[in-house]
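> Structure, please.
(one chain, ligands or ions: 2)
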Amino acid sequence: MIEKVLVVVIIGVVGAYAQGSCRTDQHEMTCRGKNSLHDLKKDQDYLEVDTLNVHQAKLDLTDDLVPDGINLSHLTLLNATDNQITRIGRRGFDKIRNMQFLYLSINQISHSQPDPFQALEKLKRLEMNDALDGNMEEKSDMLRNFFHSKNSFVHLAQIELNKNKIEGIYPKTFCGIQGLQRLELSNNRIPSFDFARTCLKELKALMLAGNLIQKIPADIWDFLPSLSSLDISNNPIDCDCATIRLLSGDDVVFLNQADTKCASPPELEGKRIFELSRDYCKTTRNPRGKASFFQFLVLFVIAVGILWLYKKYRERTRHMSSVPVGYTNLQHEQAVEPEFV
Ligand SMILES: *[C@@H]1O[C@H](CO)[C@@H](O)[C@H](O)[C@H]1NC(C)=O
Ligand SMILES: *[C@@H]1O[C@H](CO)[C@@H](O)[C@H](O)[C@H]1NC(C)=O
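Ligands and ions are numbered 1, 2, ... in the order given. Next up is the predicted model:
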């Protein structure tokens with residue numbers, strides 16, 4: 001009896017593998033290994049499948065992801081994490097236009113054909129953590145390429161680009177994404193807050209932890225009017241008074257406050273920004289305080305000078321006028337006097 005069960009189980013397992021290394025469980029299909037998708041059967045109906053997980057399949061996304069004759073057009077989620085993907089292009093996504101959730105993390109994408117996501121007009125979320133390869137310029141160009149599109153990405157609310165060693169982003173890279181609400185760029189090497197001032201009006205959350213940012217632009221709350229959470233932890237922030245005031249004045253929620261520290265000036269190095277008293281910048285160390293004291297001193301010296309000059313002037317005029325006034329009076333009195341006689 002036990003042997004029979006074992007044989008049935010073994011036949012079942014072998015049978016499953018003989019059908020290729022893709023397994024379908026109702027709405028979800030999981031494929032593993034190189035060319036696994038090419039083992040799908042052309043006579044089978046896959047329209048029930050809305051979720052496809054493909055792993056270790058060495059995908060080339062400049063070519064069709066879905067083999068000819070297979071209809072996976074009801075797919076809304078593709079998880080292609082960990083596939084050694086090096087290239088992507090428009091053709092890779094051409095047959096899966098209903099995609100809403102695209103996960104491309106843990107890959108080595110170093111080349112992108114123009115406008116690869118053009119067909120994905122329903123895209124809601126794009127995850128590409130630890131997914132990009134290449135030098136600084138290649139990555140910047142690739143990012144621009146992804147989003148400089150005929151697709152206006154009205155539903156694309158969330159983009160994750162963490163852990164990509166990104167060193168620079170063209171300011172207008174995200175301008176074409178109309179729906180963008182959450183942008184994650186943590187653990188890269190981004191040196192500055194270089195976003196174009198006219199975009200990102202709907203952005204609610206911006207994650208920039210673990211980068212190389214020193215300065216927070218003074219107009220940040222103006223050009224990101226919808227921002228409600230910001231993570232700037234683990235950046236070498238220069239805590240001048242303008243920055244301290246900027247970060248304490250708005251009703252944005254700052255994430256990871258315990259790890260948001262100053263790198264300079266030297267007396268504040270390692271101090272947590274959000275624990276610094278707002279009074280810090282009112283003390284004499286405040287350069288603005290110094291400036292106003294200096295101005296006061298100059299004004300005081302000028303005022304004393306003017307008073308001194310005025311006093312001198314008064315002394316001189318009193319001295320000069322006393323003589324002629326007395327003289328004319330005297331003369332007048334002398335001239336009048338004989339008439340009374
Ligand atoms: C796939 O199936 C859908 C729904 O039946 C259909 O509209 C579509 O034209 C098919 N696509 C292809 C390439 O056959
Ligand atoms: C995608 O697949 C990876 C690897 O199996 C897994 O760790 C991750 O949780 C999956 N993501 C989603 C959103 O399903």
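
> Now the nearest residue to Glu121 once chain neighbours are set aside: which helix or strand?
Sequence neighbours aside, Asn151 is the residue nearest to Glu121 in space, at 5.5 Å (criterion: C-beta to C-beta, 6 or more residues apart in numbering). Where you see a C-beta, it was placed from the backbone N, CA and C, and this is true even at glycine. Remark: Asn151 resides in no helix or strand, with elements defined by DSSP states H and E.

> and Asn151, how many residues sit next to it?
Counted with other C-beta atoms under 10 Å, the burial measure for Asn151 works out to 18 neighbours.

> got the contact list for it?
With contacts taken as C-beta atoms under 8 Å, 6 or more residues apart in numbering, Asn151 has the following neighbours: 115, 117-121, 123.

> would you turn these into JSON lines with pLDDT, secondary structure and neighbour count?
As requested, the contacts of Asn151 are arranged in JSON lines below (pLDDT from 0 to 100; DSSP: H, G, I helix; E, B strand; the rest coil; neighbours: other C-beta atoms under 10 Å):
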{"residue": "Asp115", "pLDDT": "95", "secondary structure": "coil", "neighbour count": "16"}
{"residue": "Phe117", "pLDDT": "96", "secondary structure": "coil", "neighbour count": "23"}
{"residue": "Gln118", "pLDDT": "96", "secondary structure": "coil", "neighbour count": "15"}
{"residue": "Ala119", "pLDDT": "95", "secondary structure": "coil", "neighbour count": "20"}
{"residue": "Leu120", "pLDDT": "96", "secondary structure": "coil", "neighbour count": "24"}
{"residue": "Glu121", "pLDDT": "96", "secondary structure": "coil", "neighbour count": "17"}
{"residue": "Leu123", "pLDDT": "97", "secondary structure": "coil", "neighbour count": "25"}
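
> circling back to that earlier point, which per-residue confidence value corresponds to the residue nearest to Glu121?
Asn151 carries a pLDDT value of 95.

> Same question for Ile159.
98.

> Over to the one 4 residues further on?
Here the pLDDT value assigned to Lys163 is 98.

> my read: it touches Met128, true?
No: counting by C-beta atoms under 8 Å, no contact exists between Lys163 and Met128, whose distance comes to 9.6 Å.

> Those two: who's more crowded?
Met128 (24 against 19).

> Which residue, other than its chain neighbours, is closest to that one?
Computed as C-beta to C-beta, 6+ apart, the closest residue to Met128 that is not its neighbour in sequence is Leu104, at 4.9 Å.
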